[in-house]
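Chemist: Sequence unavailable; structure follows:
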């Protein structure tokens, strides 16, 4: 029996769940399919940093502004999906002081609030900070727990009429006369789904799904390693104040910190090698800021794959440049009822979802505004309820494994 829906969202990460929620809140009939549990792709395998925009301020003012705006929105609407920690950009002896000044000036231009502290003042906040710390730039970074965030979005989407299908991989797409006439889904669905519109929110796998519909979306995924080690009591996120490089972020949890990351191109987001030297490098470089992590016991290690859009990477020149998001309307490619949302960052998932939902509503003649910037996610004051949703959607990723279910 063929299943019918208004919009089919393919991909159950932050963006896909955000699109499903946004559309459901606008009264659109939505179904979401994810080949694994929610967050099983990139969203649940990140370092969990909620950017203030400071990391990108000097390279991409617009992208930094988006991060700052979304950071502030999520603090208001996401409750226990977020931990407000603040962040420090750490200049060590030997780091270029000019880079620090450029970043501080760029943050001021964007509107990112900052405070400059000397090494002694910084060690009052983080006593174990390296003696080589010369000064730090305090910024409003925070921590995001992606398993909770995605589950909350999916739960709210379902509460407003959406259908969420996990462990439901897309097996084939049928296109006739410039429209998708059916998406064949296996696993828990085991059927054909017909939709008025299809959203490709598969992240690093966007090219693979697009190819099923005869479309070309060129992705350039890179892998990065993260590891969590035992270290209790770190307050703010630590960022090395230098050009982005391996091992320059330390993200605090309760009794652990997440260290990361690296950036290595991969051909296949499902099949790629890993190198233990990446782990060693990340630990060594992060320990330059926070020496005790050099010998801290590891609790888990994971790799994630970034959903980088190849044309943007070619234009910008690769790592260290802010990665915006791109909404591709495939009507221009001859398939009228499909859009792909690619690139971006976990911090900007809600904005990506809003842009996508705006396009879908325009195509379907739905006149309803987005209200996700002002509407709190459900159960955000009840961590135990959020964690029950994570379990229900099989949405536990390694990023926040030590937090979800522990509160």
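Modeler: Perfect, I can see it now. Small disclaimer: the values here were computed from a predicted structure and weren't measured. Numbers count the residues shown, from 1 in each chain.
Chemist: Span of stretch 119-138 from start to end?
Modeler: Length of stretch 119-138, first residue to last, Cα to Cα, to the nearest Å: 12 Å.
Chemist: Return the distance of that stretch from the chain's centre.
Modeler: 29 Å (Cα atoms, centre = their mean, to the nearest Å).
Chemist: buried sites along it?
Modeler: The neighbour-count check on stretch 119-138 (16 or more other Cβ atoms under 10 Å) flags 119, 122, 123, 126, 129, 130, 133, 134, 135, 136, 137, 138 as buried. For glycine as for every other residue, the C-beta is placed from the backbone atoms N, C-alpha and C.
Chemist: before we move on, which element is the second one in?
Modeler: What that stands for is residue 122. helix 119-125 (DSSP states H and E).
Chemist: How about residues contacting that helix?
Modeler: 88, 90, 117, 129, 131, 133, 134, 135, 136, 235, 236 (Cβ atoms under 8 Å, 6 or more residues apart in numbering).
Chemist: Is it correct that the first one is in contact with residue 249?
Modeler: Same thing as residue 88. No - Residue 88 lies out of contact with residue 249 (Cβ atoms under 8 Å); the separation is 11.1 Å.
Chemist: middle-most residue in the chain, spatially?
Modeler: Among the residues of the chain, the one closest to the centroid is residue 346, at 2.1 Å (Cα atoms, centre = their mean).
Chemist: hang on, isn't that residue packed against residue 145?
Modeler: No - taking contacts as Cβ under 8 Å, residue 346 lies outside contact range of residue 145: 10.7 Å.
Chemist: From the chain's centroid, how far away is the longest helix seen in the chain?
Modeler: Longest helix of the chain, by residue count under DSSP state H: helix 61-77. Relative to its parent chain, helix 61-77 has a centroid offset of 13 Å by Cα atoms, centre = their mean.
Chemist: And the contacts of that helix?
Modeler: So helix 61-77 is in contact with 50-57, 81-82, 84, 106-107, 109-112, 140-142, 144, 322-324, 345, 347-351, 372-377, 380, going by Cβ under 8 Å, 6+ apart.
Chemist: for that helix, which positions count as buried?
Modeler: By neighbour count with 16+ other Cβ under 10 Å, helix 61-77 contains the buried residues 61, 63, 64, 65, 66, 67, 68, 69, 70, 71, 74, 77.
Chemist: for residue 213, what are its contacts?
Modeler: Per Cβ under 8 Å, 6+ apart, neighbours of residue 213: 173, 175, 180, 198, 330, 335, 338.
Chemist: Most neighbours out of the residues you listed, which is it?
Modeler: residue 198 (27 neighbours; other Cβ atoms under 10 Å).
Chemist: for whichever strand or helix holds it, what is the average pLDDT?
Modeler: Element membership of residue 198 [criterion: DSSP H and E] is strand 191-200. Across strand 191-200, pLDDT averages out at 98.
Chemist: now for the helix or strand following it, which elements pack on it?
Modeler: Counting by DSSP H and E, the next helix or strand C-terminal to strand 191-200 is helix 206-212. Judged by 3 or more Cβ pairs under 8 Å, 6 or more residues apart in numbering; DSSP states H and E, helix 206-212 is in contact with strand 170-176, strand 191-200, strand 338-343.
Chemist: Which is the succeeding secondary structure element to helix 206-212?
Modeler: Helix 206-212 is succeeded, C-terminally, by strand 222-230 (DSSP H and E).
Chemist: That following strand pairs with which strands, parallel or anti?
Modeler: Using DSSP bridges, strand 222-230 pairs in its sheet with strand 256-260 (antiparallel), strand 264-265 (antiparallel), strand 298-306 (antiparallel).
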